[in-house]
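K.L.:
With the input below, show me the fold.
(one chain, ligands or ions: 1)
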Amino acid sequence: MSGETRAGSVVGPGAAAERPLKQIVGAALVDRLQAPTRVLAARRTRPAALAGLWEFAGGKVDPGETCEAALLRELHEELGVTARLGREITGPLEQGWPLAGPAAMRVWFAEAASGEALPREDHDLLRWLPLDRGALAVEWIPADLPIVEALLARVP
Ligand SMILES: Nc1nc2c([nH]c(=O)n2[C@H]2C[C@H](O)[C@@H](COP(=O)(O)OP(=O)(O)OP(=O)(O)O)O2)c(=O)[nH]1
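P.N.:
This is a model prediction of the structure:
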């Protein structure tokens with residue numbers, strides 16, 4: 001029955017609450033929040049379906065964790081940096097940007113407050129991309145492309 005709409009019923013926020021999207025968070029890590037010129041892309045190593053594709057560093061929000069805390073944790077685990085978050089790059093959903101499957105990602109601008117970003121977990125390569133059409137030079141996870149476009153449109 002799930003996914004079907006009874007005659008006369010309205011699919012509203014309640015439906016979303018019954019089938020919440022898995023919350024993912026990601027960072028558009030830039031060289032500096034004030035007047036950014038480059039953004040960091042990370043190449044995934046797993047799972048096989050995503051290996052070799054590029055993404056924003058980040059990951060799943062743990063139960064009881066805020067999105068912002070999860071993102072700072074993920075950036076430390078994955079890149080070894082202590083980050084500072086800037087503005088959110090808001091998406092079309094309350095939970096951010098739709099991803100493949102029942103998941104959505106909220107994305108923030110971020111900069112490293114300390115540490116140099118290096119691939120530690122989940123990635124084998126990092127690349128600093130220019131904040132122009134050159135940001136599309138790598139093969140992003142397809143769901144990330146609208147986010148990259150929004151990022152380029154929202155660069156100060
Ligand atoms: N981190 C990240 N995940 C993304 C992006 N785009 C996208 O579709 N995803 C998907 C890939 C995964 O299915 C999911 C994130 O899961 P993940 O595997 O990175 O999360 P995690 O680090 O907490 O993983 P795990 O240790 O629990 O396996 O979101 C993106 O730009 N960044």
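
K.L.:
who in the chain is up against the ligand?
P.N.:
Residues of the chain lying close to the ligand by C-beta under 6 Å from any ligand atom are 24, 26, 50, 55-56, 58-60, 99-100, 103, 105, 122, 141, 143-144. From N, CA and C alone the C-beta is placed, and that goes for glycine too.

K.L.:
if you set the cut-off to 5 Å instead, what comes out?
P.N.:
By the rule C-beta under 5 Å from any ligand atom, the part of the chain lying against the ligand is 24, 26, 55-56, 58-60, 99, 141, 143-144.

K.L.:
For PyMOL, what selects the buried ones among those?
P.N.:
Only the buried entries of the residues of the chain next to the ligand go into this PyMOL selection, using 16 or more other C-beta atoms under 10 Å:
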select buried, resi 24+26+55+56+58+59+99+141+143+144
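
K.L.:
Make a markdown table out of the residues of the chain next to the ligand and add secondary structure.
P.N.:
Shown next, in a markdown table, are the residues of the chain next to the ligand (DSSP: H, G, I helix; E, B strand; the rest coil):
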| residue | secondary structure |
| --- | --- |
| I24 | strand |
| G26 | strand |
| E55 | strand |
| F56 | coil |
| G58 | strand |
| G59 | strand |
| K60 | strand |
| L99 | coil |
| I141 | coil |
| A143 | helix |
| D144 | helix |
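
K.L.:
Next one: the nearest residue to L93 once chain neighbours are set aside from A110, what distance?
P.N.:
Leaving aside its sequence neighbours, L93 sits nearest to A104 (C-beta to C-beta, 6 or more residues apart in numbering; 5.3 Å). Plainly put, A104 is 19 Å away from A110 if you go by C-beta to C-beta, to the nearest Å.

K.L.:
which neighbours does the longest strand along the chain have in its sheet, and in what orientation?
P.N.:
Counting residues, the longest strand found in the chain (DSSP state E) is strand 103-114. Here strand 103-114 has these sheet partners by DSSP bridges: strand 22-29 (parallel), strand 82-89 (antiparallel), strand 97-98 (antiparallel).
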